[in-house]
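S.K.: what follows is a predicted protein model with its sequence.
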Amino acid sequence: MYTKYDNAEVARMIFDNMAVKNSMSRNTIIDGYMRNGGVDEGIDLFDRMPVRDKVSWNAVISGFIKKDCFEELGLV
């Protein structure tokens, strides 16, 4: 919810203080970063995910496309 309204700082604080982080919480924060220009932060979390699923990959790829990061996708 916080990432939807461009409040990544609060969203990250909540995420960091979660006792148990699952794929849904990880995907949500990654998607929020990628949607709001925090590509580096989103990729950092993505790289540290123990298991990546389709939602994780879609969030990262969509974020790269929105921010014209075609080199990172290997499309240039």
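M.R.: Everything's here; your move. Numbers count the residues shown, from 1 in each chain.
S.K.: can you pull up the most central residue in this protein?
M.R.: Compute the mean C-alpha point of the chain, and by Cα atoms, centre = their mean the closest residue is residue 30, 1.4 Å away.
S.K.: helix or strand: which one has that residue?
M.R.: If you go by DSSP states H and E, residue 30 is part of helix 23-35.
S.K.: what residues sit buried inside the next helix or strand after that helix?
M.R.: Next in sequence after helix 23-35, counting helices and strands by DSSP H and E, comes helix 39-48. For helix 39-48, burial by neighbour count (16 or more other Cβ atoms under 10 Å) applies to 39, 41-43, 45-46. Glycine gets a C-beta too; all of them are placed from N, C-alpha and C.
S.K.: average pLDDT for the helix or strand just after helix 39-48?
M.R.: Downstream of helix 39-48, the next assigned helix or strand under DSSP H and E is helix 54-66. Taken as a whole, helix 54-66 has an average pLDDT of 89.
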